[in-house]
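> give me a 3D structure for the following:
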Amino acid sequence: MNYYLIFASAVALFSAIGHLTIGNKLYLKPLLESKLNAVPKKVLYSVFHYISVYFIGVTVLLFMATFKESCYETLKEVVIFNGIMFILFAIVQLIIASTSKIEAWFGKMFQWILFMILGLLSLAAYLM
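Reported below is the predicted structural model:
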């Protein structure tokens, strides 16, 4: 059994649940209640749920790769691709957060940590 995939699956599940609960409360709800124009609100609402679908999909993918050994070769490239994507998400968020004027950005924009862990575990599952 690939322990990197087990841990990556757990981090992905944790991230998906956090996104749908805490993310909805702290980020999406205030955005939708703001005075922004209706079109940008709906676009950002859609983007939030695109991310929801992506997180759930990655979670399912990682669990499949973890527990269905016959899928290892089939899913290997997809898991590696998703690992790279999450590392890139982390880098983008780190750059945006660290160059912002947000006080204590490290704690307020912490998602990059989960993205980096998920990406590195996904890559380690097949590259180590």
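> let's verify residue 102: helix, strand, or coil?
coil (DSSP: H, G, I helix; E, B strand; the rest coil).
> contacting residues around it?
Residues in contact with residue 102 (C-beta atoms under 8 Å, 6 or more residues apart in numbering) are 108, 109. Yep, even glycine has a C-beta here, placed from its N, CA and C like the rest.
> any idea how far the lowest-mean-pLDDT helix or strand in the chain is from the chain center?
Across the helices and strands of the chain, mean pLDDT, DSSP states H and E gives its lowest value to helix 105-108, namely a mean of 85. The chain centroid and the centroid of helix 105-108 are separated by 17 Å under C-alpha atoms, centre = their mean, to the nearest Å.
> tell me which other helices or strands that helix touches.
Under the contact criterion of 3 or more C-beta pairs under 8 Å, 6 or more residues apart in numbering; DSSP states H and E, helix 105-108 touches helix 72-98.
> so what does the longest helix along the chain touch, helix or strand wise?
Counting residues, the longest helix found in the chain (DSSP state H) is helix 38-67. Secondary-structure packing of helix 38-67 (3+ C-beta pairs under 8 Å, 6+ apart): helix 3-18, helix 29-33, helix 72-98, helix 111-127.
> can you tell me how far residue 5 is from residue 112?
Counting by C-beta to C-beta, to the nearest Å, the gap from residue 5 to residue 112 is 21 Å.
> I meant residue 85, not that one.
Using C-beta to C-beta, residue 85 is found at 13 Å from residue 112.
> please identify which of these two sits among more neighbours.
Higher neighbour count among residue 85 and residue 112: residue 112, with 21 against 16, using other C-beta atoms under 10 Å.
> re earlier: can you tell which of the helices and strands packed on helix 38-67 is closest to residue 52?
Residue 52 lies closest, by C-beta to C-beta, to one member of the helices and strands packed on helix 38-67: helix 3-18, at 7.4 Å.
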